[in-house]
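**Student:** dropping a prediction and its sequence here:
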Amino acid sequence: MLEMTKPIHNTGKVVTMDSGFCVTVGILALHDAGVFGQALIKKRGRFWPKHVPGNQIDEFMKDKPLGNATTLKQCIDGKNFFVHCQKDDCYVTKIMSSHGLIQLVDDHVTYRNIDGEWKSFKYIEPLSRHNRAKHWVDDVNNRRHDPIALEDVWGTKWWPTRQFTFLLSVAEVNAVNSRARARKETAE
């Protein structure tokens, strides 16, 4: 984690990571490097990551209403370490970080169908940041590894976004053709 974030050390920027990087020592090391890290927490086999009492959190949150949020604050080696939790339909989403607030993000509402009735709740700031960013790497890798239309690999089916991706694809084709023409080469 430290090597990958070296260009942004001491900037105070936030790096959001998937569960493969949910290591307490890594999050705290990023904090020492001047970067705020956050990572989705998932149980690995029978064990939760160090300093994450996942089973106790699940037990505490089991009867809470949809969207209820709380933060477990700990001090490890003199540094704040947070486990942000938010109740979803069938589980509790947990994110470890060295920053963040339990502040609802007004423009990030999500919906769940519970017993045939649609219910909504707003994500808290750390989960909103994670959910907005989690597909970016997948989208870039899909585009790089499988050069088909962007609108086919982009996860959303929302009409304005589909139109935007179509226009981006047209612009990409035009750029490739223009570059080839300028180099007196054939387009790919």
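**Tutor:** Structure's in. What do you need?

**Student:** packing partners for the top helix by length along the chain?
**Tutor:** The single longest helix within the chain, with elements called by DSSP state H, is helix 159-182. Judged by 3 or more CB pairs under 8 Å, 6 or more residues apart in numbering; DSSP states H and E, helix 159-182 is in contact with helix 150-153. For every residue, glycine as well, the C-beta is placed using N, CA and C.

**Student:** re earlier: gap between the longest helix of the chain and the chain center?
**Tutor:** Computed by CA atoms, centre = their mean, to the nearest Å, the chain-centroid distance of helix 159-182 equals 27 Å.

**Student:** avg pLDDT for it?
**Tutor:** Here helix 159-182 scores 79 as its mean pLDDT.

**Student:** name the helix or strand for the most centrally placed residue in the chain, please.
**Tutor:** For the chain, the residue lying nearest the average C-alpha position, counting by CA atoms, centre = their mean, turns out to be residue 130 (2.4 Å). Secondary-structure assignment from DSSP states H and E places residue 130 in helix 125-133.

**Student:** what comes into contact with that helix?
**Tutor:** For helix 125-133, the surrounding residues in contact (CB atoms under 8 Å, 6 or more residues apart in numbering) are 14, 16, 38, 40, 82, 84, 86, 93, 95, 97, 100-105, 108, 110, 123.

**Student:** again, only using 6 Å
**Tutor:** The set of residues that contact helix 125-133 without belonging to it, under CB atoms under 6 Å, 6 or more residues apart in numbering, is 16, 38, 84, 86, 93, 95, 97, 100, 101, 103, 105, 108.
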